[in-house]
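Trainee: Below are the sequence and a predicted model for it; my questions follow.
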Protein chains: 2
Amino acid sequence: MELTKSNHLDDAVCPVARTADIISGKWTLLIIRDLAAGVKRFNQLERSLNGISPKTLSERLRSLEEEGIITRRTFAEVPPRVEYSLTEKGLDLVYVIESMRSYGKRWLCNQ
Amino acid sequence: MELTKSNHLDDAVCPVARTADIISGKWTLLIIRDLAAGVKRFNQLERSLNGISPKTLSERLRSLEEEGIITRRTFAEVPPRVEYSLTEKGLDLVYVIESMRSYGKRWLCNQ
DNA sequence: CCGAATCCTTTGGGATACTG
DNA sequence: CAGTATCCCAAAGGATTCGG
């Protein structure tokens, strides 16, 4: 297990820092966690992410889409239906999430 | 690869959310990344984490110590010397960091 | 149902100067 | 050297309302 030495030149392209930038933000990781369980609609996420405001959810979804991590699919129906799912790039984040889950179980959830 | 279903009851103890709480914050992960390479002094970190303010570094180190992730060791010398290192609980976070490094390399650093 | 628009509060973090 | 003390600001996020 070897870590790169850090300095400000490295940091600009440090994979750890780049990933941290993407998954930072209060709800981002939890959205990906939920989408990893399958396709979800806006208000499904709104309910499962208890306490999130529509504005924040909307912003997060938009930027995740722009980063190529989720896909937004709209259906021309009434009432309107929009489904969100993970792209390949998003699915790969599940490994990060699972490492966090392992850590959390071992050290933070006393079990 | 199976994810737990999320609702607000789960979230209170969700290992992913708990871990996210700990490693959120602009510099936290980078501090741990640097300490994973070995024991470091305050101004070594200040230099390797290019751009961090002493106030922020001080705050992060304190809360990481309170969470049991790093150890602070002082030496009664002149000039004063203080060394920071990872605890077992902190070292285990390296697995999370490495998963982020893999992801970053694959998707964010075009290599 | 799916958001956009507004307004507002909080806070993380930077800059700087100073001290044991 | 290893911080603390202030002051300040941008940005994130919450609450609420409204529209397609």
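Mentor: The structure has been received and is ready for your questions. What you see is a predicted model, and the numbers here were worked out from it, not measured in a lab.
Trainee: Show me what the helix or strand A:Asp34 falls within is packed up against.
Mentor: Per DSSP states H and E: A:Asp34 is located in helix A:28-36. Counting contacts by 3 or more Cβ pairs under 8 Å, 6 or more residues apart in numbering or on different chains; DSSP states H and E, helix A:28-36 packs against helix A:15-23, helix A:42-48, helix A:54-66, strand A:70-75, strand A:81-86, helix A:88-91, helix A:93-103, helix B:15-23. Glycine gets a C-beta too; all of them are placed from N, C-alpha and C.
Trainee: Rebuild these as a markdown table, extending it with mean pLDDT, distance to DNA strand D and mean neighbour count.
Mentor: Listed next are the helices and strands packed on helix A:28-36 as a markdown table, based on pLDDT from 0 to 100; distance: least, Cβ to the nearest atom of the strand, whole Å; neighbours: other Cβ atoms under 10 Å in any protein chain shown:
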| stretch | mean pLDDT | distance to DNA strand D | mean neighbour count |
| --- | --- | --- | --- |
| helix A:15-23 | 92 | 10 | 21 |
| helix A:42-48 | 96 | 10 | 16 |
| helix A:54-66 | 96 | 4 | 15 |
| strand A:70-75 | 98 | 11 | 13 |
| strand A:81-86 | 98 | 9 | 16 |
| helix A:88-91 | 98 | 18 | 16 |
| helix A:93-103 | 96 | 17 | 22 |
| helix B:15-23 | 93 | 11 | 21 |
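Trainee: Look at the nearest residue to A:Ile52 once chain neighbours are set aside and report its pLDDT.
Mentor: Spatial nearest neighbour of A:Ile52, excluding adjacent residues (Cβ to Cβ, 6 or more residues apart in numbering or on different chains): A:Trp27 at 5.6 Å. Here, the pLDDT recorded for A:Trp27 equals 94.
Trainee: any idea how far A:Gly68 is from A:Trp27?
Mentor: For A:Trp27, the distance to A:Gly68 (Cβ to Cβ, to the nearest Å) stands at 18 Å.
Trainee: mind listing what the residue of chain A found nearest DNA strand D touches?
Mentor: Closest contact between chain A and DNA strand D, by Cβ to the nearest atom of the strand, is at A:Lys26 (3.2 Å). By Cβ atoms under 8 Å, 6 or more residues apart in numbering or on different chains, the residues touching A:Lys26 are A:Thr56, B:Ser24.
Trainee: Nice, that's everything, thank you.
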